[in-house]
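# 3D model of this:
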Amino acid sequence: MPDAPAPSPEDMAALSAAGWTLAPDGKAIRKVWAFRGFSDAWGFMTRAALAAEKLNHHPDWANRFNIVDVTLTTHATGGLSTLDVTLARRLDKLAGGAEVRPVPGDARSACENRPCQES
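Residues are numbered from 1 along each chain as shown. The predicted model follows:
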């Protein structure tokens with residue numbers, strides 16, 4: 001995986017337009033979705049886990065009731081790669097009509113002991 005290329009500027013622009021937020025250090029992207037309820041959020045996470053497993057690329061994420069907060073980075077390259085772009089696009093499709101929420105605070109990992117904001 002260290003050979004995974006960095007995303008193109010066009011890829012980054014498309015991700016930004018789709019609601020993904022670049023981390024301040026430029027090494028990760030993050031997105032927060034609000035689903036209709038817990039079951040919809042859990043269903044998304046289940047489908048997302050299967051997609052991530054197929055890519056052998058796993059997100060950092062948090063779930064609180066209907067909120068799913070996802071951070072993507074490629075640890076083997078020390079930053080973003082095309083694997084993150086591919087998984088982000090798949091997650092966007094899987095999220096369907098879920099509401100995209102603003103990223104609270106900065107775009108650090110969702111696994112840094114900061115609670116997601118419930119609707």
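
# going forward, measure contacts between C-alpha atoms and count neighbours the same way
OK.

# could you pull out the helices for this protein?
Taking DSSP state H as the test, the helices found in the chain are 9-17, 38-55, 82-95.

# so which of these gets nearest Asp25?
Taking C-alpha to C-alpha as the criterion, Asp25 comes closest to helix 9-17 out of the helices of the chain, the separation being 14.4 Å.

# for the closest one, which positions count as buried?
12, 15 (16 or more other C-alpha atoms under 10 Å).

# for the residue nearest in space to the middle of the chain, which non-adjacent residue is spatially closest?
Per C-alpha atoms, centre = their mean, the C-alpha nearest to the average position across the chain is that of Val70, at 3.6 Å. Distance criterion C-alpha to C-alpha, 6 or more residues apart in numbering; nearest residue to Val70, sequence neighbours excluded, is Trp61 at 4.4 Å.

# give me the number of residues near the one you found?
17 (other C-alpha atoms under 10 Å).

# rewinding a little: out of the helices of the chain, deepest packed?
helix 82-95 (a mean of 19; mean count of other C-alpha atoms under 10 Å).
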